[in-house]
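>>> quick one, what's the 3D model for this:
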Amino acid sequence: MLDLHTFQPKEIPELLEDYFSECIASGIFSLRIIHGKGKGVLKKRVCFLLDRHPLVASWSPAPGNAGGWGAVLVDLKKESGACPKH
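Residues are numbered from 1 along each chain as shown. Reported below is the predicted structural model:
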């Protein structure tokens, strides 16, 4: 789980890149990202990036018991061909 409450929208691209690389290196491919409910600024930024990220196989809004409209569930590609950052 990644909680983005304390981050600014401009920090999200690099943060997601690092998080995805670390998750893949650890064999974790199903993630929950909490962007919060607020005004929707972080949510829009996260969804925009997830739609375009080459390591993301799919994503969807989280169900109510996993954060509802304040979070998303992400499945990473298991055979991405990308090397994790070191």
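>>> who are the packing partners of the lengthiest helix in the chain?
Secondary structure of the chain per DSSP state H: the longest helix is helix 12-25. In terms of contacts (3 or more C-beta pairs under 8 Å, 6 or more residues apart in numbering; DSSP states H and E), helix 12-25 is packed against strand 2-3, strand 30-34, helix 41-52, strand 71-76. Quick note: C-beta positions are derived from backbone N, CA and C, even for glycine.
>>> what inclination does it have with respect to strand 30-34?
Put simply, helix 12-25 runs at 150 degrees to strand 30-34, going by axes from the mean of the first three to the mean of the last three C-alpha atoms, to 10 degrees.
>>> got the buried residues for helix 12-25?
Across helix 12-25, burial judged by 16 or more other C-beta atoms under 10 Å covers Ile12, Leu15, Leu16, Tyr19, Phe20, Ser21, Cys23, Ile24.
>>> the residue nearest to the fifth one when sequence neighbours are not counted - how many residues pack around it?
To tie it back to what came earlier, the one meant is Phe20. Excluding the flanking residues, the one nearest Phe20 by C-beta to C-beta, 6 or more residues apart in numbering is Leu55, at 4.9 Å. Close neighbours of Leu55, defined as other C-beta atoms under 10 Å, add up to 19.
>>> one more: the one 5 residues further on?
Ser60 has 10 neighbouring residues, counting by other C-beta under 10 Å.
>>> beta partners for Ser60?
Residues in a beta bridge with Ser60, per DSSP bridges, are Leu73.
>>> any low-confidence regions in this protein?
Where the chain drops to pLDDT under 70, the residues are 80-86.
>>> residues contacting the most centrally placed residue in it?
Compute the mean C-alpha point of the chain, and by C-alpha atoms, centre = their mean the closest residue is Ile33, 4.9 Å away. Applying C-beta atoms under 8 Å, 6 or more residues apart in numbering to Ile33 gives the contacts Met1, Leu2, Leu4, Leu16, Val46, Ala71, Val72, Val74.
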